[in-house]
Every structure is written in C-alpha cells, then in structure tokens.
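# Next input, structure requested:
(2 chains)
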2 protein chains.
Amino acid sequence: MIKTIFFEDQKLRILDQSQLPERVAYLNCSTVEELSTAIKTLKLRGAPLIGVAAAFGLAMAVTDYKGPADSLEEYFQKIKSLLASTRPTAVNLFWALERMDKVFQVNKAATQQAIALFLRKEPEHMFAEDININYSIGEYGQSLLNANCRIMTICKAGALATCGYGTALGVIRSAARRNKIEQVWVCETRPVLQGSRLTAWELKQDSIPLTLITDSMAGYTMSLGKVDAVIAGADRIAANGDTANKIGTYSLAVLARHNNIPFYIAAPLSTLDLSRSDGLQIPVEERDPEEIRQIKGVQLSLPDVEVFNPAFDITPNELITAIITEKGVIRKPFERELKKLK
Amino acid sequence: MIKTIFFEDQKLRILDQSQLPERVAYLNCSTVEELSTAIKTLKLRGAPLIGVAAAFGLAMAVTDYKGPADSLEEYFQKIKSLLASTRPTAVNLFWALERMDKVFQVNKAATQQAIALFLRKEPEHMFAEDININYSIGEYGQSLLNANCRIMTICKAGALATCGYGTALGVIRSAARRNKIEQVWVCETRPVLQGSRLTAWELKQDSIPLTLITDSMAGYTMSLGKVDAVIAGADRIAANGDTANKIGTYSLAVLARHNNIPFYIAAPLSTLDLSRSDGLQIPVEERDPEEIRQIKGVQLSLPDVEVFNPAFDITPNELITAIITEKGVIRKPFERELKKLK
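Residues are numbered from 1 along each chain as shown, chains lettered A, B, ... in the order given. Alright, predicted model coming up:
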C-alpha cells in the first residue's frame, strides 16, 4: 500500500500528490510553515489525510519549540490557528487539531519533552485508526453492492485522500476483493483533475477495471444504463446529512436521482459536524482562478477572463440514498440516525 | 464580425479555431482532402459552419476536376461521400451536401465550367442565409428573456460555429443589444474546451460580461440561484425534439429541470432531421481517447488509461422548455410543431 505520510529523521515526509501520476516523490517538511504551504498548495489532499498531517505538524512544532516554558501553550495555540487556516471546508482538520488540543491540555503540567512525546503519539493513533475506519467503511459499503457492479466516482476518496485504503475507494476496494466490480467510471474532476491523475492511478495499481471520463460525460453515461451506483467521499457532513464534497458531486447526485441510480456518501464519522445544522452553514472554499484558466502552466482561456472557482459543492440530504460510515450504513432520517451514531 | 470562412485566390480560407484564443490565423485549403482533414481535426467546428465549408469543398472539387466529362458525376459523388464521412453527428453537413447534389442534378447537362459556377454560388447563398437565420434565431430567442438575465451556455454556438453571429450566442448577442444580459456563465466544455477557448473569446470581443466555470460547477452555480436560463445549440434534432449537442448538454438539462430553470435549444431548421424519429436514432461520434488523457500535449492521466469519449449526448425532449428556430419558438408537443415548420 502506498504511504501517504510518515515521520523519519525528525521530518514529516509527505507523498507529493501534485507530481502524480508521473512521479512518486516525497516532500520533506521540517517546519510547520512548510507543512502549511504543502497543504495550501495541494501537495497533500483529502480530508482525513489533512487532519492527520496537521496533527503531526503540531507535534513537530512542540518538539522544536525553543521559547520559555510558560509561553508554550500560547505558541501551541498560534500554530494550531495557523494550521486551521490552511483549508476551510474539510472538517477533519479541525477535528484533528481539537483532539491534539485535548492531549495538550491533559498533559500541560508535564515537561516540554513529555508533552511532545504524547503529542507525537496521537497522530500515530489517528493514522492507525483511520486505516481501520476505512476498512470498516469498505466492508459496510460493499454489502450494498451486487455482483458485476458498475460504480461511478469523483475526485479521489482513496488511499491518497486518507492514511490508506480510502473511503469511497475503500468501498470499491472491498467490493473488488469480492469480485463484485465490473467497472469503475472515474470522473476526471476538473479543475485539479484528482480523478484522472490520482484515482485512475490508484485503481490501476490495484488492477481494478476503470474507464476515465470528463465530468461532462457523467450524465450521458448514466443515461445509457451503464452505472449501477455512484459513491463519493465527503469533506464535511452537516447534522441533517447535507454533504460538502468536491465540486461536481452535487451534479452527480442530481443526475443519479434523475436516472434512478443510488447515490452513496462514504466518510468517517470525523467528517460529521453536528454544529452545522445544514449544508448552507458549511463554508465553501473558493480557489485561485488560474486553476481554471490554465492546466499545468498551459493557457486554456484568456489570461484575464473572469472565473468562478468553488472547490466544493453541497449535496442536499434528499439526494443521498445512504451515508456509509465506519459504524454502519445510515439511512433517512439522517438527522436522527447521525446523532445516534455520534 | 470575425470571418470564419471565405474564398480567395481559388482557395478556401478557414479560421483555424484550434489556435484560438492565442492567435487569429487562417488555414488555406486548396484541395478537398485538406478541407476534410481540417474538419476531422476540428480546425473548424460547429454544425452550420461545417455544412457550408463542405459545400465550398464540393464546388472547389468540380472546379479543379481534370478527368473525362462523363465521369464528372461519379467524381462528384465520390467527393460528396468523402466529405460526408468527416463527422457523423451534425446533420447540417448532410443537408448542405444534399443541397449541392440538387444543384448538380439540375445543371448536369451544362459544361463543367458552368456547373462549377452554379456550385460555387450555392455555398455563398447558404452563407448569407445562415447569417440571416442566426439573426432571426437571435430575435426570437431574446424575446424569451427578461431584463438582468443570467444565462448559462455550453460549447460554442456562436459566430465561430456558424457563418457569423451564432445560434445560442446569437440569442445572447440579440439580448445583449437590448441590455438584457447581466451575466453569461460559460461552461469550459471539456474535453476540447470550446467554451473556455472560443465562447469566452467571442463574448469578450463583444464586451458581453461572462464568467468561466468548469462543467462540474454548472449544477452548483444553478443551485445558488445564479442562473435564469440555459441556452445551448444543437448538432441534430430528431422529429420528436430529442436533441444531440455537445457532451454535457444533457447534464445541464437535467440540472436545469431540478432547479426549475428554463432550458432552451437554439438551432436553425437545417438541424432538424425528420428521418430520425427520436434521439436514440442519432449516431453519436466517439473521438480519440487522447483528448481526455492530454490537453495540448500535456499528459493529464496515465498514457494507457481506458477512456470513454463521446463527443455528443442526447437531451430528451421532455427536458427542453422550447426550441428557438429562425421561424419562431417551438413549444411542446415538439413533434407536431416541428413538422409544421419544416
């Protein structure tokens, strides 16, 4: 299994996803600033992975802290805010930082060295937990699928978005192990092309049959009767089940509904944000217009053309057939069922 | 107004759309083979324009014919078949070639020189007619729009798809002249990016306000209440109103329906094919997988990844609010109304 993140020689080593599929290269982050730039520039992506990476970053910061002992907490909070500001939509980031904060609070009477040690262990737990969670999601999810299943997916909710195995791709992997997968339709996922660059690469590595399409072909492919289910990941799920995920997910949900195809969200419970009553309360990140005007430095349109570039969209709960979590498959009414699980 | 095609020094000169928006460059076609390669490789595009270009090509072939007089008709039919084979979906191509065949049949007793002269005049008529037709479509179409209108469109149904002015973009131009356009949402239109490359350029030339989005953002933009109408062109319309147009059009129609937004098709009656009872009878062209694997020579995915690349999709008539033609706005039942007009 490909390693997305690990610690070595006091440095955080991160798989540089911006270089895939051409090169498998690792990036060294020795400081929190380097890490936060790597997150902002999408060298690493995917809600669960960002959370664990940020937690590693906090641990690293405390290890390397050189100031007076009585300012350590203030410094910790400053670094926590810096990391929280890297990406606004994925909730796992905030969840992971809060979890680190709890570890800090419980141990803050200890020496800096001891605190650093406890903080270092926490992301390692999160890492192992995340993989286990993904296996569980995979198992529950595959139980929804029949033989010879043709799945459509968007973005990259695979090993590369998580610590390993994946959420939506975890379901596909678990189904593939049972020989249930006939075909995976991979939407290329403009603007950053996580589908064509990353998901296609991951599936190929696992020898799972896939066909790449542009996002604009998803509807037509469904209308031809070639899709049995759509499975997507999530960056944040509101209390009522409304889900923020990669831009284009909402369109897939509407198209699936119109074509009577089940639409599933696969995500760990850490993605759930009960403090947001519905999808309208979830902040949606807008990114650099250059992502649409160019691809890899190649100009696609006029250099000064006006652009709207939301990185995510909101899928209303009524379009979601079920939410697949590590504790089971949640069906409507989502509000009640999600609350129970959390 | 930009010239998409003209005759000069016995050569057909064609605006090379594959070089836009970087360069406004013209391509010389001195032979039918050069012209048919230009059509196949998308140097010129758009159903009405392809039809007129192919007609010019037939005239050019007869002018340059060097064989025995009694083989001229056979040669004419051979060239007609060659041109007919360039693109399978747009019906205007076949319509234009049939119109040239009629001119040939009526005049075939004349000398080669006289036949060539008649054939040369026909595409010039078509050219002038096409522009007039587009003005009419524009006028009828703009009457459907209110003030401060925010329109979404896909592909490039503008001057560059036609002999000038445009179909869907003709409606937008006519509405803009009456200050009705607040915003045009341009879908980039993967894989060949006619939206970001060509439609954005055309609108900019006319100072019509536009915002570029990826195709995957269309649904979310609609869900935010930012779109008042969707207008698309057509490559072929079946007798029942089912419409073939650029891949992604069907998705826009489903998304518009889900968001209670009117969805219009703007197209000349030459696009109508009464011989096809419904959309299932329209052949959909599949194009080179490299269009998805690469953009302008830049690799986007694995070089050997499996790809599905339909260039068009079929929008069922029930998702179309009205069809805007040069003879008026057609509403349901389309079958009866289209038959009447044709």
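
# Mind checking the pLDDT average for the helix or strand where residue A:200 lies?
Element membership of residue A:200, judged by DSSP states H and E, is helix A:200-205. Helix A:200-205 shows a mean pLDDT of 94 in the predicted model.

# Name the residues that touch that helix?
Counting by CB atoms under 8 Å, 6 or more residues apart in numbering or on different chains, helix A:200-205 makes contact with A:2, A:20-21, A:156, A:158-160, A:166, A:169, A:172, A:184, A:186, A:209-210, A:212, B:301-302, B:305, all of which sit outside it. Backbone N, C-alpha and C define where each C-beta goes, glycine included.

# element containing the nearest residue to residue A:82 once chain neighbours are set aside?
Distances taken as CB to CB, 6 or more residues apart in numbering or on different chains place residue A:36 nearest to residue A:82, at 5.8 Å, with adjacent residues excluded. Under the criterion DSSP H and E, the helix or strand holding residue A:36 is helix A:32-40.

# Downstream of that helix, the next helix or strand is which one?
helix A:47-64.

# how about the helices in chain A?
Using DSSP state H, the helices of chain A run over residues A:32-40, A:47-64, A:72-84, A:92-107, A:112-142, A:168-177, A:194, A:200-205, A:218-223, A:249-258, A:290-293, A:334-341.

# Looking at these, spot the one closest to residue B:133.
helix A:218-223 (28.2 Å; CB to CB).

# Give me the helices and strands touching that closest one, please.
Judged by 3 or more CB pairs under 8 Å, 6 or more residues apart in numbering or on different chains; DSSP states H and E, helix A:218-223 is in contact with strand A:149-153, strand A:181-187, helix A:249-258, helix B:249-258, strand B:312-315.

# repeat that for 7 Å
Here helix A:218-223 touches helix A:249-258, helix B:249-258, going by 3 or more CB pairs under 7 Å, 6 or more residues apart in numbering or on different chains; DSSP states H and E.

# what's next to that helix, contact-wise?
Contacts to helix A:218-223, defined as CB atoms under 7 Å, 6 or more residues apart in numbering or on different chains, come from residues A:152, A:185, A:187, A:213, A:227, A:252, A:255-256, A:259, A:261, B:247, B:250-251, B:254, B:308, B:310, B:313.

# same thing but 8 Å
A:152, A:154, A:185, A:187, A:213, A:227, A:248, A:251-252, A:255-256, A:259, A:261, B:247-248, B:250-251, B:254, B:308, B:310, B:313-314.

# Run the chain-centre distance for the helix holding residue A:36.
In terms of CA atoms, centre = their mean, to the nearest Å, the centre of helix A:32-40 is found 17 Å from the chain centre.

# Buried residues in it, which are they?
Of the residues in helix A:32-40, those scored as buried under the neighbour-count criterion (16 or more other CB atoms under 10 Å in any protein chain shown) are A:32, A:34-36, A:38-39.

# Could you export those residues as JSON lines, including pLDDT?
Shown next, in JSON lines, are the buried residues of helix A:32-40 (pLDDT from 0 to 100):
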{"residue": "A:32", "pLDDT": "93"}
{"residue": "A:34", "pLDDT": "94"}
{"residue": "A:35", "pLDDT": "95"}
{"residue": "A:36", "pLDDT": "95"}
{"residue": "A:38", "pLDDT": "94"}
{"residue": "A:39", "pLDDT": "93"}
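
# quick one on the thing from earlier: out of the contacts of helix A:200-205, which end up buried?
Of all the contacts of helix A:200-205 considered here, the ones buried according to neighbour count by 16+ other CB under 10 Å are A:20-21, A:156, A:158-160, A:166, A:169, A:172, A:184, A:186, A:210, A:212, B:301-302, B:305.

# how about the residue nearest to residue A:134 when sequence neighbours are not counted, phi and psi?
Nearest residue to residue A:134, sequence neighbours excluded (CB to CB, 6+ apart): residue A:165, at 3.9 Å. When read as degrees, to the nearest 10, the backbone of residue A:165 gives phi 70, psi -60.

# from what I can see residue A:165 touches residue A:138, true?
Yes. In terms of CB atoms under 8 Å, residue A:165 counts as a neighbour of residue A:138; the distance is 6.5 Å.

# So for these two, which residues contact both of them?
Between them, residue A:165 and residue A:138 share the contacting residues residue A:173, judged by CB under 8 Å, 6+ apart.

# Look at the two and report which has more neighbours.
Of the pair residue A:165 and residue A:138, residue A:138 is the one with more neighbours under other CB atoms under 10 Å in any protein chain shown, namely 26 against 21.

# Neighbours of the spatially closest residue to that one that is not a sequence neighbour, how many?
With CB to CB, 6+ apart as the criterion, residue A:138 has its nearest non-adjacent residue at 3.4 Å, and that residue is residue A:174. Other residues within reach of residue A:174, judged by other CB under 10 Å, total 24.

# Enumerate every residue touching residue A:174.
Under the criterion of CB under 8 Å, 6+ apart, the contact partners of residue A:174 comprise A:135, A:138-139, A:141-142.

# go again using 6 Å as the cut-off
A:138-139, A:142 (CB atoms under 6 Å, 6 or more residues apart in numbering or on different chains).

# again, but for residue A:27
A:14, A:16, A:43.

# Also residue A:127?
In this structure, residue A:127 makes contact with A:52, A:163, judged by CB under 6 Å, 6+ apart.

# confidence score at it?
92.

# Same question for residue A:1.
The predicted structure scores residue A:1 at 68 on the pLDDT scale.

# returning to that earlier point: any idea which of the contacts of residue A:27 is the one closest to residue B:65?
Using CB to CB, residue A:16 comes nearest to residue B:65 of the contacts of residue A:27, at 61.1 Å.

# Would you agree the residue nearest to residue A:82 is in contact with residue A:86?
Yes. At 5.1 Å, residue A:36 and residue A:86 qualify as touching, with contact defined as CB atoms under 6 Å.

# Which among the helices and strands packed on helix A:218-223 is found nearest to residue B:118?
Each of the helices and strands packed on helix A:218-223 was scored for nearness to residue B:118 using CB to CB, and the closest is helix B:249-258 (37.4 Å).

# mind checking how far the closest one is from the chain centre?
Relative to the chain's own centre, helix B:249-258 is displaced by 20 Å; criterion: CA atoms, centre = their mean.

# got it, and stretch A:325-342?
How far stretch A:325-342 lies from its chain's middle: 19 Å, per CA atoms, centre = their mean.

# Sort out which residues of that stretch are buried, please.
Buried residues in stretch A:325-342 (16+ other CB under 10 Å): A:325-326, A:329-330, A:334-335, A:337-338.

# ditto for stretch A:250-268
Of the residues in stretch A:250-268, A:250-259, A:261-268 count as buried by neighbour count, 16+ other CB under 10 Å.

# Just give the nearest non-adjacent residue to the residue in the stretch 1-150 of chain A that chain B sits nearest to, would you?
Nearest residue of the stretch 1-150 of chain A to chain B (CB to the nearest CB) works out as residue A:21 at 5.5 Å. Taking CB to CB, 6+ apart, and ignoring the residues beside it in sequence, residue A:21 has residue A:201 as its nearest neighbour in space, at 4.0 Å.

# Setting aside sequence neighbours, what's the nearest residue to residue A:79?
residue A:61 (4.4 Å).

# do residue A:83 as well
By the measure of CB to CB, 6+ apart, the closest residue to residue A:83 outside its immediate chain neighbours is residue A:54, 4.4 Å from it.
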